[in-house]
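In: Provide a 3D model corresponding to the input given below.
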Amino acid sequence: PKGYDIIRKVQKIQKKILLAADEISSINEKIQLEEKLFVELQNTLERKPVFLEKEEELTMYQDDLKEKNKQIRDMCQELDIYKHKVDELTESLKEIEQNRNIMKTEWLNRMLTEARENRYTPTDWEGMIND
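Out: This next block holds a predicted model:
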């Protein structure tokens, strides 16, 4: 019986060793799977830009946008100045045109008066106008 008890104890210990080996094998498989997932995740993260880089890029774009908006405001102010100048020059041209028309009318009236006084015929006027 003593020998039989020892054999039973050895068999129980062998069963525990086999169960422990199975458990260790299962844990090793899980570790390998976790390592594989870790490597894949690490590779994925290496391919994607870091958040800080994107934040710097966003800040750069915001600064560019502010500068462009400032340029647009400055250009709008400059455009308003040019519009005002165009309006002034248009008014000046109208005034010059009115003065030219007045002078033309006065000249024609003088020519008519002179023609009446000197008794010019309309054919004589053609030579005076074309000169």
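In: Return the distance of residue 74 relative to residue 80.
Out: According to CB to CB, to the nearest Å, residue 74 and residue 80 sit 11 Å apart. Bear in mind the C-beta positions are built from the backbone N, C-alpha and C, glycine included.
In: Next secondary structure element downstream of the helix or strand hosting residue 18?
Out: Assigned by DSSP states H and E, residue 18 belongs to helix 2-47. The helix or strand immediately downstream of helix 2-47 is helix 51-118, counting by DSSP H and E.
In: That following helix: how far from the chain's middle?
Out: Counting by CA atoms, centre = their mean, to the nearest Å, helix 51-118 is centred 29 Å from the centre of its parent chain.
In: what pLDDT, on average, does it get?
Out: Helix 51-118 comes out with an average pLDDT of 92.
In: Which strands or helices does that helix pack on?
Out: Contacts defined by 3 or more CB pairs under 8 Å, 6 or more residues apart in numbering; DSSP states H and E place helix 51-118 against helix 122-130.
In: List the contacts of residue 20.
Out: Under the criterion of CB atoms under 8 Å, 6 or more residues apart in numbering, residue 20 has no contact partners.
In: Compute the distance between the one residue sitting closest to the centre of the chain and residue 72, please.
Out: The centroid of the chain falls nearest to residue 65 when counting by CA atoms, centre = their mean (7.2 Å). For residue 65, the distance to residue 72 equals 10 Å [CB to CB].
In: cool, residue 105 as well?
Out: 49 Å.
In: now do residue 64
Out: Taking CB to CB, one finds residue 64 at 13 Å from residue 72.
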